[in-house]
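[1] Just a sequence and a predicted model for now, questions to come.
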There are 2 protein chains.
Amino acid sequence: MTSRLEALCMEKGLKMTGQRRVISQVLSEADDHPDVEEVHRRAAQIDPRISIATVYRTMRLLEDAQVIERVDLGDGRARYEEATADHHHHLIDTRTGRIIEFASPELEAMKERIARELGYKIVGHRLEIYGVPLDEAGEDGRDEEERS
Amino acid sequence: MTSRLEALCMEKGLKMTGQRRVISQVLSEADDHPDVEEVHRRAAQIDPRISIATVYRTMRLLEDAQVIERVDLGDGRARYEEATADHHHHLIDTRTGRIIEFASPELEAMKERIARELGYKIVGHRLEIYGVPLDEAGEDGRDEEERS
DNA sequence: TCTGGGATTGCGAACGGTTTTCAGTATGAT
DNA sequence: ATCATACTGAAAACCGTTCGCAATCCCAGA
C-alpha cells in the first residue's frame, strides 16, 4: 500500500527504494515532530536494515522536494513535519515537551506589516512560544519567573 | 578603563581575569550579534593569547549571569547580544545577513493571548523574520524606504 | 607585599548531530 | 534479464561546542 508521502515522492519523480518507502510510511503515520533518530527508530521497526545515514539523506531529499518541513525547536536537532500549505507555529510545553501547533492570520498580518515598515519583504519566518499549562503554572514550588 | 560589562561582572561577584576583561570589552563595544568565533577574533586582536575555549566558557558564564543573551538565528551557531530589559526580535536580511532588531507591544500582546487561549502561560518565545529589502525584492513597490 | 590554594586557562581530545566518502547493491528504463 | 545509474551501509569526516587535565592566575589573608 502506498503511503501519502510515497505517492508524493513518485509524483516528484524520485526513485522509490525500499527504504524510502518505509521512511515515507513512517512520516505519513507520524502526527508529531520526530527527529531523525526517532524516524530511524520507527523505520527500523519495519525494516531493521535501514541505516541512520539513509534516514538523514532521505529527510533532506524530502525536505528539498518540499514534501516535509524541517522544524528547529532550539533543542539542537532537526525535527520534521509534513509540509502544509498554511503557515503555522509551535507552542512547546516546557514541562512535557508536547508541541502544539497553532495558526493566527492576525499574527501573519502583523508580521507582514512589521517587515514592511522596516522596508523588508518576508521570505520566511518562525515563531515559537515556550509555555507551561495555565492550571499548573501557579501551583508547585514557585520557581521564580524569568522573562526573556 | 572598565567596560560596561566588566562592571556588571564585578557586580555579580565574578572573578575578573584578563581574558574576561577583554571579552567584556569586546562585547561592550559590539553593536551586532557576533558568534563565538567572531568574539574570539576580536578578543584576539586585543590579546592574542585568549583561546577559543575560554571564549566559549566566558560566553556561557555571562549568559548564566544574564549579562548577555544567546540568540539562535537558525544558522547552526550561537550568537550573542547584551541582555536588555525589553523583549525584542530579529529580522534577518537574507541577502546580507544584516540583523535588524524590532519590538512590538502588539505582537507581544497577541502572543500572550494566543498562549492563553491554548491554555498556556508563556515562559519564553522567539520570533524571527527572514526578509529581503523591498526595493530589491522586485516590483510590488508598496513602501519604498531607503534601508541600506 | 608576599603567599596559598581554589578558580581559571590553554591545549587537545571528546562530543553529538549531521554530512560525506567509497565500495557494494538495488532500481527502473530498455 | 541487462545495464547504467542512483542508492545504500559503514565508517570517517565535519562543525560547533564542551570537557579533562596540568599549568597558571587571581586575590583574600598574613
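    Right, received. Where do you want to start? Residues are numbered from 1 along each chain as shown, chains lettered A, B, ... in the order given.
[2] Contact residues of chain A facing DNA strand D?
    A:14-15, A:17, A:19-20, A:49-51, A:53-54, A:57-58 (CB under 7 Å from any atom of the strand). Glycine gets a C-beta too; all of them are placed from N, C-alpha and C.
[3] so can I have JSON lines of these showing distance to residue B:26 and secondary structure?
    Output for the residues of chain A next to DNA strand D, formatted as JSON lines (distance: CB to CB, whole Å; DSSP: H, G, I helix; E, B strand; the rest coil):
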{"residue": "A:14", "distance to residue B:26": "48", "secondary structure": "coil"}
{"residue": "A:15", "distance to residue B:26": "51", "secondary structure": "coil"}
{"residue": "A:17", "distance to residue B:26": "51", "secondary structure": "coil"}
{"residue": "A:19", "distance to residue B:26": "48", "secondary structure": "helix"}
{"residue": "A:20", "distance to residue B:26": "48", "secondary structure": "helix"}
{"residue": "A:49", "distance to residue B:26": "51", "secondary structure": "coil"}
{"residue": "A:50", "distance to residue B:26": "47", "secondary structure": "coil"}
{"residue": "A:51", "distance to residue B:26": "44", "secondary structure": "coil"}
{"residue": "A:53", "distance to residue B:26": "40", "secondary structure": "helix"}
{"residue": "A:54", "distance to residue B:26": "44", "secondary structure": "helix"}
{"residue": "A:57", "distance to residue B:26": "40", "secondary structure": "helix"}
{"residue": "A:58", "distance to residue B:26": "43", "secondary structure": "helix"}
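[4] Just the buried residues out of these, in PyMOL syntax.
    To isolate the buried ones among these in PyMOL, judged by 16 or more other CB atoms under 10 Å in any protein chain shown, type:
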select buried, chain A and resi 14+19+20+50+54+58
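[5] Please, where are all the helices along chain A?
    A:4-11, A:18-29, A:36-46, A:52-64, A:105-117, A:134-137 (DSSP state H).
[6] Residue B:34: which of those is closest?
    Nearest of the helices of chain A to residue B:34, taken as CB to CB: helix A:105-117 at 24.1 Å.
[7] which helices and strands sit right next to that closest one?
    Counting by 3 or more CB pairs under 8 Å, 6 or more residues apart in numbering or on different chains; DSSP states H and E, the packing neighbours recorded for helix A:105-117 are strand A:120-133, helix B:105-117, strand B:120-133.
[8] what comes up buried for the last one?
    Spelled out, it's strand B:120-133. Buried residues in strand B:120-133 (16+ other CB under 10 Å): B:120-123, B:125-133.
[9] Quick one: list the elements packing against it.
    By 3+ CB pairs under 8 Å, 6+ apart, strand B:120-133 packs against helix A:105-117, strand A:120-133, helix A:134-137, strand B:89-93, helix B:105-117.
[10] for these, which one ends up most surrounded?
    Mean neighbours per residue, mean count of other CB atoms under 10 Å in any protein chain shown, is largest over the helices and strands packed on strand B:120-133 for strand B:89-93, with a mean of 21.
[11] Same list (the helices of chain A) but as TSV, adding mean pLDDT.
    Below are the helices of chain A laid out as TSV (pLDDT from 0 to 100):
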stretch	mean pLDDT
helix A:4-11	78
helix A:18-29	95
helix A:36-46	97
helix A:52-64	96
helix A:105-117	93
helix A:134-137	72
